[in-house]
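**Student:** turn this into a model:
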Amino acid sequence: MKSSEELKNDLRRIDHKGYPAYKQLKGAYRFECYTLSIDHVQGDPFAAPSKVSIKVEGKRAAFPAELFDTREKKIALEDYLLCGFGRKLREFSFQAKGSGKSGLMSVSNPGQEVLERTGCQIDSEKGTVTLRMEIGFPANGRTVNSRELEKILFTYLPECVKRTLFYAVLEEKKVRQAVELAEDQTAIRRQLKEQGLVAFVANDSVLPRESGVSKKPMKGAVPFQSPKEMEVQLELPHYGTIYGMGIKEGITLIVGGGYHGKSTLLKALELGVYNHRTGDGREYVISRESGMKIRAEDGRSVKNVDISMFINNLPNGKDTVHFHTEDASGSTSQAANVVEAMEAGSRLFFIDEDTSATNFMIRDELMQRVVHREVEPITPFVERVRELYETYGISTILVAGSSGSYFHKADCIIQMNHYKPVEITALAKEEAKVFPLPAEEAEPVTPPDFGRVMLPDRKFGADGRIKIKTMGMDGISINRDTIDLRYLEQLVDTEQLCALGQLMKYIRMQMADGKRSLQDIIDFVMKNLSEHGFEKICGGGYLPGNLTMIRRQELFACVNRWREIRM
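**Tutor:** Numbering: from 1, shown residues only. Take a look at the predicted model:
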């Protein structure tokens, strides 16, 4: 390892040389209180910025062990440090001048969800803090401008590190508040299972967001208040006693007039699979971690999925036990989404009538009289929702605004009235007696076959070059093949898509051997991620700082939407 003085001398030696001279700087350098590593140098000033990492030894960072002795607390502390470093860094970005991306200084920019990221990692044994970032190495045209890079590495960067990555310089109260919130959220998740609940919404939570492009809480929004009939009490290690609405296992229906808050409540619940940071308003909105948003998705590809519990006897004779299509309809796509979520291990479905295929969700009595059951290939979800719970243990939280069919099936019915929830189960059940469902119900079916095997493809990456590109939140491009992820509504961060791109490459090249089921492949990958992080997945000489941990549900969903794979 070289010293910081040697780095300074090297910078002055290559000044005004051709831009590739910067590649000589790759390596680790010892500064006064941290180590700087230049992991990857960009090819020219207009290319993706250079990759740099900072490591502060545990003894110097001096964070007490009790702040990171569990996974949840460690992730919360990492998130807190990353946000603080990012705020400070923005003061200096582009202060150094030059061509192209010269002077850019950036790290991950987390949203409201607290997620495990490669951008900042704390060693769980030694307490060493590693922070990964990008720097645009300055240039004049395409020649080295090392005087400007010297400002970044010896003035701007040390200031950011010293102000944000040491326990002694931080506000102890705020650091502990972030970590203690994570402990409380973990306690809620544990008590959900203990009390037979699938979700919890604390009183006084703020569910609406500021706007369609902002995830911050809406100012002046009506605070959430649980109906007394559904109010539960939980004991948290730091918050103490907390009260709020507990949603029990089973079928829960959310109804109400337009614009009264139905979908807002469902959105908060579906994102309750993640923790949220202090001030978000949804800190204590917690759902079972395996919960999956189910919707129609016209045009998606479906690979060898058993949708026979919902779709049978198609007029063209197409096999629905091993269903394939490159252009699914609304009903077949939603049927596939349900079965794939079951395969991924989800035990909770979130469904909004607005984003569902009507013919998949219901068929009223009049329609069944006109179009008889024997000529209708679709068994609607309303006829399977109880079977899903009673046979497979899958609960459903469903928003409905136009059809009362689910009143007969629901265990609990909530009406949103001017953004306030009212429990109306008994009333709705009584009214539903006047509108009985057709007497004939769908017969129970055998469990779907989850033995799908991913077949190898020798053409993939045969030349050794695999190009992965993310397209915002819309999808991933892998060697010009696009995986459309627009309708996976529980993806909340572009870095989750970056991670999925790396995982797709790993699965396709290392795991698709035609011998293992998709479930076995995903189990192996998730276990590998849990034990070793992204290091073994990515390979190469350095770990990218723009990867965020994903759930197995989204990993399954991404594989299922990759048109080029064979199963």
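**Student:** every contact and neighbour count from this point should use C-alpha atoms.
**Tutor:** Fine.
**Student:** which element is the most centrally placed residue in the chain on?
**Tutor:** A centroid search over the chain (Cα atoms, centre = their mean) returns residue 491, at 4.0 Å, as the residue closest to the centre. Taking DSSP states H and E as the definition, residue 491 sits outside all helices and strands.
**Student:** same thing with residue 499?
**Tutor:** Secondary structure from DSSP H and E places residue 499 in helix 494-506.
**Student:** what distance separates the helix or strand that comes right after that helix from the centre of its chain?
**Tutor:** Downstream of helix 494-506, the next assigned helix or strand under DSSP H and E is helix 518-532. Averaging C-alpha positions (Cα atoms, centre = their mean, to the nearest Å) puts helix 518-532 17 Å from its chain's average.
**Student:** tell me the mean pLDDT for helix 518-532?
**Tutor:** For helix 518-532, the mean pLDDT works out to 92.
**Student:** which stretches of the stretch 1-150 of the chain have low pLDDT?
**Tutor:** Residue ranges of the stretch 1-150 of the chain with pLDDT under 70: none are present.
**Student:** no, scratch that, I was asking about the chain
**Tutor:** Scanning the chain for pLDDT under 70 picks out 365-366, 369, 372-375, 439-440, 459, 461-464.
**Student:** isn't residue 151 up against residue 96?
**Tutor:** Yes. Contact criterion Cα atoms under 8 Å: residue 151 and residue 96 qualify, at 7.1 Å.
**Student:** compare those two and say which is more crowded by neighbours.
**Tutor:** Comparing residue 151 with residue 96 by neighbour count (other Cα atoms under 10 Å), the higher total belongs to residue 96, at 22 against 14.
**Student:** give me every residue that touches that one.
**Tutor:** Contact analysis of residue 96 by Cα atoms under 8 Å, 6 or more residues apart in numbering lists 102-104, 138, 148-149, 151-152.
**Student:** change it to 7 Å
**Tutor:** Shown in contact with residue 96 (Cα atoms under 7 Å, 6 or more residues apart in numbering): 102-103, 148, 152.
**Student:** what does residue 453 give?
**Tutor:** So residue 453 contacts 514-518, 567 (Cα under 7 Å, 6+ apart).
**Student:** just the buried members of those residues?
**Tutor:** Those of the contacts of residue 453 that meet the buried threshold are 516-518, 567, by 16 or more other Cα atoms under 10 Å.
**Student:** rewinding a little: could you dump the contacts of residue 96 to a markdown table with secondary structure?
**Tutor:** Listed next are these as a markdown table, based on DSSP: H, G, I helix; E, B strand; the rest coil:
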| residue | secondary structure |
| --- | --- |
| 102 | coil |
| 103 | coil |
| 148 | helix |
| 152 | helix |
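**Student:** ok, so of those residues, who is nearest residue 390?
**Tutor:** Using Cα to Cα, the shortest approach to residue 390 within the contacts of residue 96 belongs to residue 103, at 59.2 Å.
**Student:** neighbours of the closest one, how many?
**Tutor:** Residues near residue 103, counting by other Cα under 10 Å, number 25.
**Student:** in what helix or strand does residue 200 lie?
**Tutor:** Taking DSSP H and E as the criterion, residue 200 maps to strand 197-202.
**Student:** now do whichever helix or strand comes after that strand: which elements does it pack against?
**Tutor:** Going down the chain from strand 197-202, the next helix or strand is strand 209-211, by DSSP H and E. Strand 209-211 is packed against strand 214-217, with contacts defined by 3 or more Cα pairs under 7 Å, 6 or more residues apart in numbering; DSSP states H and E.
**Student:** now do the strands in the stretch 351-500 of the chain.
**Tutor:** Under the criterion DSSP state E, counting those that start in this stretch, the stretch 351-500 of the chain contains strands at 395-399, 412-417, 420-423, 468-470, 475-478, 481-484.
**Student:** what helices or strands is the fourth one leaning on?
**Tutor:** So that's strand 468-470. The elements that strand 468-470 packs onto, with contact taken as 3+ Cα pairs under 7 Å, 6+ apart, are strand 475-478, helix 494-506.
**Student:** show me what counts as buried in it.
**Tutor:** Those would be 468-470, for strand 468-470 by 16+ other Cα under 10 Å.
**Student:** quick one, the biggest strand by length in the chain and strand 395-399 angle?
**Tutor:** The residue-count maximum for a strand in the chain (DSSP state E) belongs to strand 240-248. Orientation of strand 240-248 against strand 395-399 (axes from the mean of the first three to the mean of the last three Cα atoms, to 10 degrees) gives an angle of 90 degrees.
**Student:** ok, residues contacting strand 240-248?
**Tutor:** The contact list for strand 240-248 (Cα under 7 Å, 6+ apart) reads 196-203, 226-227, 230-235.
**Student:** same deal with stretch 458-478?
**Tutor:** Residues outside stretch 458-478 that contact it (Cα under 7 Å, 6+ apart): 479, 482-486, 494, 497-498, 501.
**Student:** against residue 115, how distant is the residue nearest to the centre of the chain?
**Tutor:** Residue 491 is 11 Å from residue 115, where distance means Cα to Cα, to the nearest Å.
**Student:** neighbouring strands for the longest strand of the chain, and are they parallel or not?
**Tutor:** Strand 240-248 pairs in its sheet with strand 197-202 (antiparallel), strand 231-236 (antiparallel), by DSSP bridges.
**Student:** what residues of that strand count as buried?
**Tutor:** Applying 16+ other Cα under 10 Å to strand 240-248 flags 243-248 as buried.
**Student:** from the chain's centre, how far out does the helix or strand following that strand sit?
**Tutor:** Downstream of strand 240-248, the next assigned helix or strand under DSSP H and E is strand 251-256. Here strand 251-256 is found 25 Å from its chain centre; the criterion is Cα atoms, centre = their mean.
**Student:** CA atoms of strand 251-256 as CSV?
**Tutor:** These are the backbone C-alpha positions of strand 251-256, laid out as CSV (Å, rounded to 0.1, in the frame of the first residue of the first chain):
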residue,chain,number,x,y,z
ILE,A,251,-59.1,-12.2,3.1
THR,A,252,-59.3,-8.5,3.8
LEU,A,253,-61.4,-6.2,1.6
ILE,A,254,-60.8,-2.5,1.3
VAL,A,255,-63.8,-0.6,-0.2
GLY,A,256,-65.0,3.0,-0.4
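**Student:** which strands or helices does that strand pack on?
**Tutor:** Judged by 3+ Cα pairs under 7 Å, 6+ apart, the packing partners of strand 251-256 are helix 262-270, strand 395-399, strand 412-417.
**Student:** Throw these into CSV and include distance to residue 208 and mean neighbour count, thanks.
**Tutor:** Output for the helices and strands packed on strand 251-256, formatted as CSV (distance: least, Cα to Cα, whole Å; neighbours: other Cα atoms under 10 Å):
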stretch, distance to residue 208, mean neighbour count
helix 262-270, 6, 21
strand 395-399, 16, 25
strand 412-417, 13, 22
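**Student:** redo the ones you listed as CSV? Include distance to residue 381.
**Tutor:** CSV is the format used below for those (distance: least, Cα to Cα, whole Å):
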stretch, distance to residue 381
helix 262-270, 18
strand 395-399, 11
strand 412-417, 17
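**Student:** of all these, which one is nearest residue 551?
**Tutor:** helix 262-270 (13.2 Å).
**Student:** out of the strands of the stretch 351-500 of the chain, nearest to residue 132?
**Tutor:** Nearest to residue 132, of all the strands of the stretch 351-500 of the chain, is strand 468-470, at 19.3 Å by Cα to Cα.
**Student:** partners of that closest one, with directions?
**Tutor:** Strand pairing (DSSP bridges) places strand 468-470 next to strand 475-478 (antiparallel).
**Student:** could I have the CA atoms of the partner strand written out in CSV?
**Tutor:** Output in CSV follows, covering the C-alpha atoms of strand 475-478 (Å, rounded to 0.1, in the frame of the first residue of the first chain):
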residue,chain,number,x,y,z
GLY,A,475,-36.3,-2.6,-16.9
ILE,A,476,-32.9,-4.1,-17.7
SER,A,477,-31.1,-4.6,-21.0
ILE,A,478,-28.8,-7.6,-21.2
